[in-house]
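Colleague: okay, sequence plus prediction incoming.
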Amino acid sequence: MGTSHAPGLHLRHSRGKGEPRFPDGPKADPAGSHFERRIRSFQPRRSRVTAGQADALQRLWPTMGLDIDGHRIPDLGELFGNSNPVVLEIGFGMGEATAKMAADDLGTNILAVDVHTPGQGNLLNLADRNGLTNVRVANGDAIILLREMLAPDSLDGLRVYFPDPWPKKRHHKRRLIQPEFLTLAAARLKPGALVHCATDWEPYAEQMLDVLTAHPDFENTQPDGGYAARPAFRPLTRFEGQGLDKGHVVNDLLFRRVQHRDQPSAGG
């Protein structure tokens, strides 16, 4: 155990100019400037990484990580080592909720996307510590992942929990849940796949409800056409609990991918 943190510590103190932060870990900008970003799904955040997170990134990334470079379509069965359903989660913070959902449903694979390096390392650490083989961590722009690297009808679900609300009106175009994004996501989701969004920013919740309701590829699972109660499979996060204590309102939205009449079923 005495040398397990050596790679991370070495890189932190003696990394030369221009050298990658984690030679065997996630790249700083995997897609570079090769792809147009009509919708930018993230703002890069590369803050302090602990020794444990650095060790996890170095040690586990080659087998549990995926850089979103836009140059290939990975075989999800090979990526996870099984043919179980795959759910895409966009934005997972420090990964505690993701790890809990993975542990509670070992028969579902979670492809979790984020750009927050400490969070990537923390989720890898949690998965490793708990023996979770159904988690893979993707690094980069979720839009490029959806558009360039995932095959049609390859996903069994989509989760977007507490995305950046971009509260200023002039920044609303940067919000992830928009018609263009939903059209892209719909092309990668199997008919019947569940789209689950949650936010504690009420104006964004209203926009989510409006655009999901108006989109022809999705239907609300709620008979009244409104918000859903938090389903048991979504854990209450520490961040969410703090917000609830302050009187924040959290809204969940549960929509299903519609199978149109002229659309062939997954079986043929």
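Modeller: Sure, I can see it.
Colleague: flag the shaky bits of this protein, pLDDT-wise.
Modeller: Applying pLDDT under 70 to the chain flags residues 1-29, 31-47, 261-268.
Colleague: in it, which spans are helices?
Modeller: 6-14, 51-64, 76-80, 96-104, 117-129, 142-144, 179-188, 202-214, 238-245 (DSSP state H).
Colleague: the residue most central in space within the chain bridge partners, please.
Modeller: The residue lying closest to the centre of the chain (Cα atoms, centre = their mean) is residue 90, at 2.1 Å. Per DSSP bridges, the residues bridged to residue 90 are residue 113, residue 160.
Colleague: start at 38, not 1
Modeller: Sure, I'll start counting at 38 from here, so that last one is residue 127.
Colleague: can you pull the contacts of it?
Modeller: Listed by Cβ atoms under 8 Å, 6 or more residues apart in numbering, the contact partners of residue 127 are 78, 150-151, 179, 195-197, 200, 213. Glycine gets a C-beta too; all of them are placed from N, C-alpha and C.
Colleague: export stretch 159-167 as PDB, just CAs?
Modeller: Provided in PDB are the C-alpha atoms of stretch 159-167 (Å, rounded to 0.1, in the frame of the first residue of the first chain):
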ATOM      1  CA  ASN A 159     -13.900  10.000  -6.700                       C
ATOM      2  CA  LEU A 160     -16.500   8.000  -8.700                       C
ATOM      3  CA  LEU A 161     -13.800   5.600  -9.900                       C
ATOM      4  CA  ASN A 162     -12.600   5.200  -6.200                       C
ATOM      5  CA  LEU A 163     -16.200   4.500  -5.000                       C
ATOM      6  CA  ALA A 164     -16.800   2.000  -7.800                       C
ATOM      7  CA  ASP A 165     -13.500   0.200  -7.000                       C
ATOM      8  CA  ARG A 166     -14.000   0.200  -3.300                       C
ATOM      9  CA  ASN A 167     -17.500  -1.200  -3.600                       C
END
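Colleague: what comes up buried for it?
Modeller: 159-164 (16 or more other Cβ atoms under 10 Å).
Colleague: out of those residues, which one sits closest to residue 273?
Modeller: residue 163 (16.8 Å; Cβ to Cβ).
Colleague: any idea how far residue 237 is from residue 178?
Modeller: Look at residue 237 and residue 178: by Cβ to Cβ, to the nearest Å, they are 24 Å apart.
Colleague: and the helices of the chain as a markdown table, adding distance to residue 259?
Modeller: Below are the helices of the chain laid out as a markdown table (distance: least, Cβ to Cβ, whole Å):
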| stretch | distance to residue 259 |
| --- | --- |
| helix 43-51 | 46 |
| helix 88-101 | 35 |
| helix 113-117 | 30 |
| helix 133-141 | 21 |
| helix 154-166 | 30 |
| helix 179-181 | 26 |
| helix 216-225 | 17 |
| helix 239-251 | 10 |
| helix 275-282 | 20 |
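Colleague: to residue 290, which of these lies closest?
Modeller: helix 239-251 (5.5 Å).
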